[in-house]
Each structure stands twice: as C-alpha cells, then as structure tokens.
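Peer 1: Here is a sequence together with a model predicted from it:
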Amino acid sequence: MSYLLGIDTGGTYTDAAVLDAEATRVLGHAKALTTRPDLARGVAEAIDAALEAAGASAQAVEMVSLSTTLATNALVEGQGGRVALVAIGFAPQDLARAGLEDALRGDPVIALTGGHDHAGGEAAALDLRPLEVALADPQGITGFAVAGAFATRNPAHERAAADLIRARSGLPVTCSHELSAALGGPKRALTAVLNARLIGMIAGLIDAVEAHLLARGAPARLMVVRGDGALIPAEMARARPIETILSGPAASVAGAAWLTEERDALISDIGGTTTDVCLLRDGAPRIDPKGAEVGGFRTMVEAVAMRTWGLGGDSAVHVTDGLDGDLHLGPRRVLPIALLAHEHPALVHRVLDAALASDGPATDGGGFVVPLWSAPPEGLDPRSAALVQRLSNGPLRMGEVVETRMDHPALQRLVTRGLVQIAGVTPSDAAHVTGLAVQWDAEASHKALTLMARRKRGDGQQIAPDAETLAHRIVGQVTRQTTDCLLQAAFADDPGWQGSPETLARHELTRAGLDRQSGLIETTLRLGVPVIGLGASAASYYPAVGERLGTRMIVPDHAAIANAIGAVVGQVAHHATGTLSAPRPGHILAHGPEGPTTHDTEAAAIEALTASLTAQATALARRSGVMDPRIVVTTDAQRAEVEGQSTFVGATLRVTATGRPRIARDGA
C-alpha cells in the first residue's frame, strides 16, 4: 500500500497526517511542538508518530507535502534576517512608496545608476561600482534583494547585479522580476526584500524535513504549499520563500473543503500566532487580485484572499489603560508560561513562587526571556551583546535580563531577529486554568495568572480577584476578538456596505444586532453562511463564537490537523505572465522571460509570447512532477479608439500549467 504524508509547521505545533494514496481517508496523524531553533526535532517527532499511528512504512510514502505559517508569522511579528536592497535606477523618494521604507527597517540600500524604460530600453548604463564596494564588507547581511526600474520589461541589469553578488559573496539573491511580472517598481522591491529576509528561515525548515525523510528511507520528493494553495518543489520554495506566505492558511482552506464538503462558508483558522479567515464560494477560495497582504505589507505574491490578524492561542495578553482594566490580545506572540514550565519547571516555579510571596504584582510583569540561538549570534551592537551574554546559560526572568530602560530596545532588536522569545501569559495559559487545555503545566499557568490578576486598573483596584476570573475574561476576549475578525471579513466580502469593514464590525448597530436587542426597536444580526473552525484550540474557543454570530459553527473531526491534510490534497499550478506593448504603430514589443522581442503585428507578438510563456510554465510543471500538464492561456488586451478606429495599446498574457504531481521513486 502507498501513502501520502502531509506536514504543517506552525509557530507552536508541527502536525503530520498520513492519507491513502488516493487521498480519500486519514489513516493516522500526530502533533508535536515546533522546536526552535532546531526545527528538526519537532518535525521528526511529528512524522514518526504519524507513520506509527497509520501503521505505514516510510519507504511506502509516495508524496510528501509541507505547509507552514513560519513565513506569515515572521512578517506579522517583524522577524527575519538582515538584508540589503540593491536599487537600480530608482529615485530616493521611491523608497518611501508601497511601505518599502518600513519593510527595510533600517537595513542598507545600495543605489545603482541604471534601469530601463517602459519599452525595455536601457534608461542609463549600469554602474556596479557602489555594489562592489558594499560587497567588500557585507556587515552581517544574510541576503540581497535586487530591484531595477522596469525590470519586468528587461531584467538584464537585475541579472548582472545578481551575478556579481553570487560571485563575490555566495549569499542568497532575490531578483524582483523573478517574483512578479507586474509593473510597480517599489512594490516589486518590497516583495523582493521580504523574500530575501525569509530565505534562511524557510531553508532551515526544508532542510529539517528532507534530512529526516532521508534518514527514514522515504524516497518521495518534497513539495511545498504555495500561498495560493498550489504545490511547488522544495527547491523552488527555497529560492522564493515569499511565495509560502499564507501557505498554512491556503492548506487549511483545502483541508476544510476536503473535511466538510461545504461549498459556501467562512473558514477561520486559529493558530498560535494568527487567526486567518477566508471565504469559500462554490468550493474554492478567492485569489486576492491585489497580492497577499501580511503584517501590513501589500506584496505582489498571488495568494488566497485571506485576512490575517495577530490573534492566536499564544498571543500576549495586555491590560489596556483606563479605569476598567480591559484586556486585549496580540498581535505579538509569546511563549505560554505553561509551555515554558513544561520544559523548564524548576526555573519557572521558583521565580513565580518568589513573586507570589510578595503582596503586589511582579515588578517585571512576571515574564521570562528565552534564548533561541544554536550558535552565538554575531554582528550585534554592544547592548544587545550584553543581553546575549546574560542569557548564555538559558532562560531567565525578565528582570534579570532587562536591568535598565536602555535594555528594552536592545531586547526588542533580539526578538525581531528571532534570537530570543518572550514568555508570558497567553490564552493557552487561561485555557489551562479553566480546564480547556491540559497538555502542559496548569499549575504554572495558575500562578502566572494569579500574579497578573494583581495588576491595578486605573481606579487602583485589581484587574481580577483571582486567576480563575481572569482566565475566563481572557477566554471571553478570544471570543470577542474572533467575532470581530469574522465580521470584518464578512463585511469586506459582502458587496453593498458603505464604510470600512473595521468600522462596520464595531458599529453600535452591529453590536446591538449581535446582542439581539429588544425594545421599541428590535435588532438582530447574524452571519449568512456557516463558519468552519480549524486549529488545535478551535474546539475550545469557537462554539461560543458561532453562538455569538448566530450561525452554524462546524468544527470537523481532524480540525486540529486540517493544514497537514490540505497540504497533500492540492495540485501543482504554475503561471507564466508576459506583456505586450506598442510604442508606435507596426512596432510591438513582447516582454517575455528572456527580455523584449520585436514584432510587426499583434498576432505575431501574441503567438511568440504565448509559445515562450507556455514553454516556461510547462517546464516548471514538469519540474514539479506533472509530465503532461493542462495548459490554459488567458489574454487581456487593451485597445483605444483613435480617430474612430480601434488601436492596439497592449496586452497581458498568462499561461497556467496544472496537474496532480506523480513523483517517481528514488527521484527518477
């Protein structure tokens, strides 16, 4: 018997599911903690346990597919490597557009003279000398992003810069024209920067999975779920990790449709870091035409039209300013106290017991700092290096790491680089106190919430009388914020409403409708479609959400591993896009993968570009294991009326090659 193996690595858990070769039923599954910085341990534990549960041999696995939220989580939390942007032919003010300046976060920009015009002609000669100077001293750079003006019309300058970087440094290089064929230089540059920042993280995950498959003797080739739900080879995901943003959510959509057979629903997937909501219509998700938006950045990556909020089981619990001491969850993820105590019981209980021995709240908030590096980090400023030295022997109480106010920014820099993680009170801890969860150290959660309950509101009173009361408030806040997420998604996808989704979801009439207000005016509001709740904690939190929204809440069997299931029930889809432009009558340029070519007629240009794009898409599909892909060609032509005649202005061609991968054994 042959098997399919799906793997999903999230911020908290790594899941694995074994299906039969026809993808008709789940034979076994398992869940393990995602282990940082060594992802291999969690991956190996999940794979081995799932194969054992299914009674399956690794040698009989025909296909392995991986989905992950690591890229999404990194963008939401502002993490990733230090990168340099090589900007070719851009003006300084272009860096302030499309969120590029925010995405750079102070990382260096190497400005080069060069670039092309809209027709693909050279606007200025390429001057590589500033890049040569920068490459002599990379200063802790982990990767380069290269973006040139109108590079989608002619990529020659981007390729020349990339060749130099590879020759001089050996570091990963991302060219913007390889990620998108669309115009919009700053947005392409943004996408390239984010891609370069994620390369090391996703490569580490792929390495961990491939190494364990090899150790187990599994002959199957590894595939990775792209943000639009399609499967791509692991080597492609290594080079273009940005395409895996929303990979986990895309897999969850496929998994939800497979598990429930619902055609129309809102899918809500709660993980450790985020809540992801997507509309399912006629059994398929909508692809976001404007590009995936994650962490406040609008990219040029095609992905499911997913709305992502920083709300999960491991979201930090904040007490808001004001007299009432209201709670807010997220967007930052922290390590639950229950999990830290599960791994370091002596440290956590000693610190919490000492804090509880005094009457007031913990002076440092009762948090901890956990080092994540496998080797001593380099390229740190002196204050950050001092914090690393304090953490050299393992996790510490927050107050032992942050000794002065100047240490707070240094700690945040370490968090941003993914070198340390904060541990604190989370909804997962509240679930342990209320009995909704039992897998970690509930006693530690109770102590941590007791300490947090001592914090004072604006009127001087404690925010809660005891741990149990605070835990129920936190669980209730999960319900409220999840309800808000679903309402925003529904208002955004339901035509006809005036105003922003955020304003509509929080409008007093919306609240009155949810409360079923009855009086001289009676109001009722409910969702018009069911909600499919996914994630390890969906069964704990989502029934109350369905009740609040007045709709059917579906939490299917295997909801906790829907992403791992969705990873192996998808298919390969590769797109190749090119454009035609007509700078003057009888002179049509086809902007394809190899640069511009000139043609006399519209028909000749379309024929040539279609052939080029078909060859590119077909080659990509075959690299992914689809030997005879289905080809679909779409053409969007633009015409204008000139002196009463229809005149060709330009066109966009898109070729898509699809099919189910058939991966031969032993890589043959």
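Peer 2: Looks like it arrived, so ask away. Numbers count the residues shown, from 1 in each chain.
Peer 1: ranges for the strands of the stretch 201-350 of the chain?
Peer 2: 222-225, 231-233, 265-270, 275-281, 284-285, 293-294, 297-298, 306-309, 315-319, 327-333, 335-336 (DSSP state E, counting those that start in this stretch).
Peer 1: so which of these comes closest to Val173?
Peer 2: The stretch from those with the least distance to Val173 (C-beta to C-beta) is strand 231-233; that distance is 19.1 Å. All C-beta atoms are positioned from the backbone trio N, CA, C, and that covers glycine.
Peer 1: So what's the model's average confidence on stretch 353-371?
Peer 2: The average pLDDT for stretch 353-371 rounds to 88.
Peer 1: just stretch 518-533 next, same as before
Peer 2: Computed over stretch 518-533, the average pLDDT equals 95.
Peer 1: which strand in the chain runs the most residues?
Peer 2: Ranked by residue count under DSSP state E, the longest strand found in the chain is strand 645-659.
Peer 1: follow-up on the earlier one: I'd like the strands of the stretch 201-350 of the chain as CSV, with mean neighbour count appended.
Peer 2: Rendered in CSV, the data for the strands of the stretch 201-350 of the chain read as follows (neighbours: other C-beta atoms under 10 Å):
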stretch, mean neighbour count
strand 222-225, 27
strand 231-233, 23
strand 265-270, 26
strand 275-281, 24
strand 284-285, 18
strand 293-294, 23
strand 297-298, 18
strand 306-309, 24
strand 315-319, 21
strand 327-333, 20
strand 335-336, 28
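Peer 1: Comparing those by mean pLDDT, which bottoms out?
Peer 2: Comparing mean pLDDT across the strands of the stretch 201-350 of the chain, the weakest is strand 293-294, with a mean of 79.
Peer 1: so how far is Val569 from the nearest residue in space to Val76 that is not next to it in sequence?
Peer 2: What sits nearest to Val76 in space, not counting adjacent residues and going by C-beta to C-beta, 6 or more residues apart in numbering, is Gly295, at 4.6 Å. Relative to Val569, Gly295 is positioned 28 Å away (criterion: C-beta to C-beta, to the nearest Å).
Peer 1: ok, now Thr618?
Peer 2: Using C-beta to C-beta, we find Thr618 at a distance of 24 Å from Val569.
Peer 1: same thing with Ala234?
Peer 2: Ala234 is 18 Å from Val569, where distance means C-beta to C-beta.
Peer 1: buried sites along stretch 548-563?
Peer 2: Burial within stretch 548-563, assessed by neighbour count using 16 or more other C-beta atoms under 10 Å, is assigned to 548-549, 551, 553-556, 558-563.
Peer 1: Now find how far off-centre it is within its chain.
Peer 2: In this view, stretch 548-563 has its centroid 21 Å away from the chain centroid, taken as C-alpha atoms, centre = their mean, to the nearest Å.
Peer 1: could I get it in PDB with only the CA atoms?
Peer 2: Included here for stretch 548-563 are C-alpha records, laid out as PDB according to Å, rounded to 0.1, in the frame of the first residue of the first chain:
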ATOM      1  CA  ARG A 548     -22.500  35.000  19.200                       C
ATOM      2  CA  LEU A 549     -22.700  35.200  15.400                       C
ATOM      3  CA  GLY A 550     -26.000  33.300  15.200                       C
ATOM      4  CA  THR A 551     -24.600  30.800  12.700                       C
ATOM      5  CA  ARG A 552     -23.700  27.100  12.400                       C
ATOM      6  CA  MET A 553     -20.200  26.500  13.700                       C
ATOM      7  CA  ILE A 554     -18.600  23.500  12.100                       C
ATOM      8  CA  VAL A 555     -15.500  22.100  13.900                       C
ATOM      9  CA  PRO A 556     -14.800  19.000  11.900                       C
ATOM     10  CA  ASP A 557     -13.000  15.800  13.000                       C
ATOM     11  CA  HIS A 558      -9.300  16.400  12.400                       C
ATOM     12  CA  ALA A 559      -9.800  20.200  12.600                       C
ATOM     13  CA  ALA A 560      -6.500  20.400  14.500                       C
ATOM     14  CA  ILE A 561      -4.600  18.900  11.500                       C
ATOM     15  CA  ALA A 562      -6.500  20.400   8.600                       C
ATOM     16  CA  ASN A 563      -3.400  22.200   7.300                       C
END
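Peer 1: how many other residues sit next to the nearest residue to Ala590 once chain neighbours are set aside?
Peer 2: Once its chain neighbours are removed from consideration, Ala590 has its nearest residue in Leu609; the separation is 4.2 Å (C-beta to C-beta, 6+ apart). As a burial measure, Leu609 scores 28 neighbours (other C-beta atoms under 10 Å).
Peer 1: can you tell me which helix or strand Leu609 belongs to?
Peer 2: Using DSSP states H and E, Leu609 falls within helix 602-623.
Peer 1: can you check His591 too?
Peer 2: strand 587-592.
Peer 1: what's the answer for Ala444, then?
Peer 2: Under DSSP H and E, the secondary-structure element containing Ala444 is helix 442-453.
Peer 1: buried residues in that helix?
Peer 2: Neighbour count says helix 442-453 has Ala442, Glu443, Ala444, Ser445, His446, Lys447, Ala448, Leu449, Thr450, Leu451, Met452, Ala453 buried, by 16+ other C-beta under 10 Å.
Peer 1: mind checking how far Pro376 is from Leu171?
Peer 2: Using C-beta to C-beta, Pro376 is found at 20 Å from Leu171.
Peer 1: Compute the inter-axis angle for the helix holding Leu609 and strand 587-592.
Peer 2: Going by axes from the mean of the first three to the mean of the last three C-alpha atoms, to 10 degrees, helix 602-623 is angled at 10 degrees with respect to strand 587-592.
Peer 1: Please state the offset of the next helix or strand after helix 602-623 from the chain centre?
Peer 2: Moving toward the C-terminus from helix 602-623, the first helix or strand encountered (DSSP H and E) is strand 630-642. Distance of strand 630-642 from the chain centroid (C-alpha atoms, centre = their mean) equals 32 Å.
Peer 1: What strands line up against strand 630-642, and which way round?
Peer 2: Taking DSSP bridges as the criterion, strand 630-642 forms sheet pairs with strand 645-659 (antiparallel).
Peer 1: For the residue most central in space within the chain, give me its contacts.
Peer 2: With distances taken as C-alpha atoms, centre = their mean, the chain has Thr72 as the residue nearest its mean C-alpha position (1.5 Å). With contact taken as C-beta atoms under 8 Å, 6 or more residues apart in numbering, Thr72 is in contact with Ile245, Leu246, Ser247, Gly248, Pro249, Thr273, Thr274, Asp276, Val294, Gly295, Thr308.
Peer 1: Mind doing that once more with 7 Å?
Peer 2: Applying C-beta atoms under 7 Å, 6 or more residues apart in numbering to Thr72 gives the contacts Ile245, Leu246, Gly248, Thr274, Val294, Thr308.
Peer 1: Thought Arg639 was touching Val649, still the case?
Peer 2: Yes - because the distance of 6.0 Å satisfies C-beta atoms under 7 Å, Val649 is recorded as touching Arg639.
Peer 1: average pLDDT across the lengthiest helix in the chain?
Peer 2: In the chain, assigned by DSSP state H, the helix with the most residues is helix 185-216. Helix 185-216 carries an average pLDDT of 92.
Peer 1: Tell me which stretches of the stretch 1-150 of the chain form strands.
Peer 2: 3-9, 13-20, 26-33, 61-68, 83-88, 109-112, 143-148.
Peer 1: Output stretch 493-504 as PDB, restricted to C-alpha atoms.
Peer 2: Taking only C-alpha atoms (Å, rounded to 0.1, in the frame of the first residue of the first chain), the coordinates of stretch 493-504 have been written out as PDB:
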ATOM      1  CA  ASP A 493     -16.500  40.400   1.100                       C
ATOM      2  CA  ASP A 494     -20.200  41.300   1.100                       C
ATOM      3  CA  PRO A 495     -20.900  44.000  -1.500                       C
ATOM      4  CA  GLY A 496     -23.100  47.000  -0.900                       C
ATOM      5  CA  TRP A 497     -21.900  48.100   2.500                       C
ATOM      6  CA  GLN A 498     -20.700  51.600   3.000                       C
ATOM      7  CA  GLY A 499     -17.700  52.200   5.300                       C
ATOM      8  CA  SER A 500     -14.600  50.300   6.300                       C
ATOM      9  CA  PRO A 501     -15.000  46.700   7.500                       C
ATOM     10  CA  GLU A 502     -13.500  47.700  10.800                       C
ATOM     11  CA  THR A 503     -16.000  50.500  11.400                       C
ATOM     12  CA  LEU A 504     -18.900  48.300  10.300                       C
END
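Peer 1: Fine by me, we can end here.
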